[in-house]
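Peer 1: Provided below are the primary sequence and the corresponding predicted coordinates.
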Amino acid sequence: MEQLQFVNYRIGDWLFRSELNQLERDGETVRLEPRVGELLACLAGSANHVISRAQIMEAIWPNVVVGDEAINNAINKLRRALGDDRQQPAYIETLPKLGYRLIAPVEAVSPAADVPPEVAANAVSRANAGPERILVGVAAILILGILSWVYFHGNTPPAEADGKSASDQLASVGTPSILVMPFKNIGSDPEDDVFIDGVTADIITDLSKLSNLLVIADQTAFSFSDRQVSPREAGRELDVKFILDGNVRRSGDGLRVNVQLIETDTGYSLWANRYDRQLQNIFEIQDEITGSIVKALSIRLTSQEKNAIKSIATTDFHAYELFLKGLQKFNSHIREDSESAIADYQRALEIDPGFARVYGALGVILARNYRLGWTDSPQDTIDRALAYANKAVEIDATVPQVYWALGYVHLHRKEFTEATAAVEQAIRLAPNYADGFGLLALIQNAQGNWREAIENVTRGMQLNPYYSYDYPYNLGRAYYIGGRYKEAIDALAHALDKNPMAEMPRLYTIASYVRDGNLDDARWEAEQLSILRPNLTLAGMRRSLSQDPELLRALIEDLEKAGVR
């Protein structure tokens with residue numbers, strides 16, 4: 001048998017036994033999921049040194065693109081196991097924009113000699129298994145991680161989607177293409193990162209409203225945040241013609257924004273400007289930047305587009321900042337942060353009762369709480385979600401995100417016709433809205449419209465080449481519904497490579513193996529699911545999954561054949 005070398009550590013008052021993936025202290029034993037154990041070993045091996053997110057990805061998920069949710073949940077799971085406090089850490093320190101550092105005392109100790117043979121055998125088996133057969137799991141993120149597409153990102157080139165690479169698809173579009181690089185914070189306060197990321201995302205949203213410009217989605221754009229890549233290199237990597245690059249310095253109520261539009265083939269700056277304004281004028285700056293890009297690229301605008309890019313969500317910076325903080329907390333996928341995000345949204349509305357996107361965000365977060373069971377009054381919660389989403393559309397019907405929110409709420413209410421209509425309106429308002437195509441594919445899959453789902457998820461992959469796991473999950477789900485089981489298995493394996501703890505890709509993998517006549521692999525996947533989600537039941541799935549009843553019945557039958565109960 002292959003000999004594996006394990007290194008154990010004393011970390012603070014814990015003993016970490018890497019060969020067993022467990023922590024021990026005063027008779028207490030805490031088992032760690034495999035990726036969480038690997039993360040702890042990685043941090044312990046570089047104690048008191050900062051480990052970047054990119055280094056963690058390379059160490060824990062080599063040759064696999066995973067979203068931020070994988071690292072976030074691994075860190076959160078590890079903190080809970082260690083009993084650490086994020087605000088006053090004794091073990092794991094977060095350094096914004098840099099990474100993580102293990103700050104507790106660490107001592108390497110001799111590995112135990114009593115490693116059970118089956119443990120070593122299982123470790124060798126995991127090491128030799130293909131990515132789709134590795135038992136992993138950091139924390140069970142429930143189904144619709146689609147909401148966090150806005151900020152999730154990967155760090156390796158995309159796989160092919162339905163026969164065409166992202167660059168092939170981009171080249172086939174006869175319109176100019178642009179990537180907005182994440183604006184850099186060159187000020188002294190790292191807390192401004194949230195605000196500056198929001199500015200970047202809003203400029204991408206404004207440009208996405210233009211039908212004669214192909215805009216790379218913000219999820220892909222933010223994948224360059226922690227990478228040392230020049231604008232020209234990023235443009236060539238994604239095969240886009242133009243790059244918008246900029247930086248922001250905030251000093252008290254003052255703001256300086258430097259921005260330039262670069263042609264990737266030549267490196268020539270087509271347009272550049274510096275804005276010295278008050279903080280309250282950030283919305284005017286965003287509007288002027290969008291207008292300058294339209295002029296520099298000679299883009300013809302429809303009357304609707306002219307009005308859309310001049311629409312300002314709010315005129316109050318403090319409301320805007322609270323909204324962005326709420327979004328950041330929402331994306332953590334932690335119940336306590338969800339409650340805090342709702343409080344931020346409500347405070348934003350106290351400042352600006354006409355801020356439509358906040359109403360939409362409240363609708364989305366309440367719908368997610370309903371979906372995850374994070375409420376003692378589910379019907380009231382989903383009803384309030386719909387009321388908020390409708391209020392958002394009533395206030396400002398020019399904002400694509402509010403229609404996306406309305407579609408998302410209708411989906412959770414299993415009102416598929418209304419959900420489809422809302423998301424289609426979002427795409428009409430923003431033809432380059434990758435999130436819109438992704439959600440539309442999800443709704444179409446829920447109704448069994450698998451051909452349309454494939455078309456829309458492929459379009460989303462084109463706009464968002466560094467897509468999160470939701471895209472190949474939706475693609476695999478569509479293939480399963482359409483009876484193309486081998487293609488479904490391949491797409492779902494890609495989804496699990498990106499987010500190994502996501503349960504829905506694994507459920508559809510099980511069902512696809514059953515339909516393909518491979519019960520052994522189906523049962524193996526079912527066993528992994530039972531470890532990842534010991535409390536998952538088919539009865540619970542019947543209550544919670546938002547899809548056509550006949551499709552749900554077929555899925556349940558396939559899962560039962562594999563031993564899922």
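Peer 2: Alright, I've got the coordinates.

Peer 1: Just the C-alphas of whichever strand or helix holds residue 381, formatted as CSV.
Peer 2: Assigned by DSSP states H and E, residue 381 belongs to helix 378-395. What follows is helix 378-395, C-alpha atoms only, in CSV (Å, rounded to 0.1, in the frame of the first residue of the first chain):
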residue,chain,number,x,y,z
PRO,A,378,-42.6,30.7,6.2
GLN,A,379,-45.8,31.9,4.5
ASP,A,380,-45.6,35.4,6.0
THR,A,381,-41.9,35.5,5.0
ILE,A,382,-42.5,34.6,1.3
ASP,A,383,-45.5,36.9,1.2
ARG,A,384,-43.4,39.8,2.5
ALA,A,385,-40.7,38.9,0.0
LEU,A,386,-43.2,39.3,-2.9
ALA,A,387,-44.5,42.6,-1.5
TYR,A,388,-41.0,44.0,-1.3
ALA,A,389,-40.1,42.9,-4.8
ASN,A,390,-43.3,44.4,-6.2
LYS,A,391,-42.6,47.6,-4.4
ALA,A,392,-39.1,47.7,-6.0
VAL,A,393,-40.6,47.5,-9.5
GLU,A,394,-43.3,50.0,-8.6
ILE,A,395,-40.6,52.6,-7.6
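
Peer 1: what about that helix, distance to the chain center?
Peer 2: Centroid separation for helix 378-395 versus its chain: 24 Å, with Cα atoms, centre = their mean, to the nearest Å.

Peer 1: Residue ranges in the stretch 1-150 of the chain under the pLDDT threshold?
Peer 2: Scanning the stretch 1-150 of the chain for pLDDT under 70 picks out 1-6, 63-69, 97, 110-150.

Peer 1: mind listing the strands for it?
Peer 2: In the stretch 1-150 of the chain, the strands defined using DSSP state E, counting those that start in this stretch lie at 8-11, 14-17, 22-25, 28-31, 92-95, 99-102, 106-109.

Peer 1: Please parse the chain into its domains.
Peer 2: According to automatic domain parsing, the chain comprises the domains 8-133, 173-309.

Peer 1: quick one: which of these is nearest residue 520?
Peer 2: Across the domains of the chain, residue 520 has its closest neighbour in domain 8-133 (11.4 Å, Cβ to Cβ). Every residue, glycine included, has its C-beta placed from N, CA and C.

Peer 1: can you pull out the helices in the stretch 401-550 of the chain?
Peer 2: Assigned by DSSP state H, counting those that start in this stretch, the stretch 401-550 of the chain shows helices spanning 416-429, 434-447, 450-463, 470-481, 485-498, 503-515, 519-532, 538-544, 549-561.

Peer 1: Please identify the deepest-packed of these.
Peer 2: Highest mean neighbour count among these (mean count of other Cβ atoms under 10 Å): helix 470-481, with a mean of 29.

Peer 1: now it and helix 549-561, what's the angle there?
Peer 2: Helix 470-481 runs at 90 degrees relative to helix 549-561, counting by axes from the mean of the first three to the mean of the last three Cα atoms, to 10 degrees.

Peer 1: just checking, what packs against helix 470-481?
Peer 2: helix 434-447, helix 450-463, helix 485-498, helix 503-515 (3 or more Cβ pairs under 8 Å, 6 or more residues apart in numbering; DSSP states H and E).

Peer 1: so can I have CSV of these showing mean pLDDT and distance to residue 407?
Peer 2: Shown next, in CSV, are these (pLDDT from 0 to 100; distance: least, Cβ to Cβ, whole Å):
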stretch, mean pLDDT, distance to residue 407
helix 434-447, 93, 6
helix 450-463, 93, 13
helix 485-498, 91, 22
helix 503-515, 93, 19
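
Peer 1: among those, which is nearest residue 23?
Peer 2: Relative to residue 23, the nearest member of the helices and strands packed on helix 470-481 by Cβ to Cβ is helix 503-515, separated by 24.9 Å.

Peer 1: got the CA positions of the closest one in PDB?
Peer 2: Below are the C-alpha coordinates for helix 503-515, written out as PDB (Å, rounded to 0.1, in the frame of the first residue of the first chain):
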ATOM      1  CA  GLU A 503     -25.900  19.400  -2.800                       C
ATOM      2  CA  MET A 504     -28.000  20.000  -5.900                       C
ATOM      3  CA  PRO A 505     -25.300  19.000  -8.400                       C
ATOM      4  CA  ARG A 506     -24.800  15.800  -6.400                       C
ATOM      5  CA  LEU A 507     -28.500  15.000  -6.300                       C
ATOM      6  CA  TYR A 508     -28.700  15.300 -10.100                       C
ATOM      7  CA  THR A 509     -25.500  13.300 -10.500                       C
ATOM      8  CA  ILE A 510     -27.100  10.500  -8.600                       C
ATOM      9  CA  ALA A 511     -30.200  10.600 -10.700                       C
ATOM     10  CA  SER A 512     -28.200  10.800 -13.900                       C
ATOM     11  CA  TYR A 513     -26.200   7.700 -13.000                       C
ATOM     12  CA  VAL A 514     -29.400   5.800 -12.200                       C
ATOM     13  CA  ARG A 515     -30.900   6.800 -15.600                       C
END
